[in-house]
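J.: give the three-dimensional model of this entry:
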Amino acid sequence: MSTPSIRRWYHWFAPTDSPEERKLILKLDFLIVPYALFSIAANNNIDNAYVSGMADELGFHGNELVQFQTIFVVGNVVGLLPFIYLFPRVPMHVLVPTLDLGWGLFTLLQYRAQSYAEIMAYRFMVAIFEGY
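T.: Numbering: from 1, shown residues only. Below you'll find the predicted structure:
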């Protein structure tokens, strides 16, 4: 009598994946998923900061939070266009760290914003570098 196989509700690997492929999938998942979660948390923290007093400190009025979020999406789209051109022409070991440094720089510069226009400019630049 054979033992029944365990059926899971999820399928992490295909049945035909070799051990090397499974190891690669796990490595990629452990690198990409935390990065994506931190990115989502960073974007959600803007809403938390807005509710916690950023709106008063930077003088937001009316629909400026919506404009603030829209400028991020516009920056993302604008950032995609040059990077589509650059990816095949610039070595990845140079391009990706450069983009990450730009993203990190403008993310950190957001703390010193004194006005709505300044935070919008920083947010736009963060979105451009995040667009890749």
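
J.: for residue 90, see how far away the spatially closest residue to residue 77 that is not a sequence neighbour is.
T.: Of all residues not flanking residue 77 in the chain, residue 131 sits nearest, at 7.1 Å (CB to CB, 6 or more residues apart in numbering). Quick note: C-beta positions are derived from backbone N, CA and C, even for glycine. Between residue 131 and residue 90 the computed distance is 15 Å (CB to CB, to the nearest Å).

J.: so which of the two has more stuff around it?
T.: residue 131 (20 against 14; other CB atoms under 10 Å).

J.: if I pick that one, what's in contact with it?
T.: Taking CB atoms under 8 Å, 6 or more residues apart in numbering as the contact definition, residue 131 lies against 75-80, 83.

J.: same check on residue 120?
T.: Here residue 120 is in contact with 67-68, 71 (CB under 8 Å, 6+ apart).

J.: who wins on neighbours among these?
T.: That'd be residue 68 among the contacts of residue 120, by other CB under 10 Å, with 21 neighbours.

J.: any idea of the pLDDT on that one?
T.: Looking at residue 68, its pLDDT is 85.

J.: can you lay out the contacts of residue 120 as TSV showing secondary structure and distance to residue 12?
T.: Shown next, in TSV, are these (DSSP: H, G, I helix; E, B strand; the rest coil; distance: CB to CB, whole Å):
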residue	secondary structure	distance to residue 12
67	helix	41
68	helix	38
71	helix	38
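
J.: residue 121: which of these is nearest?
T.: residue 71 (8.8 Å; CB to CB).

J.: got the buried residues for stretch 45-57?
T.: 46, 50, 54-55 (16 or more other CB atoms under 10 Å).
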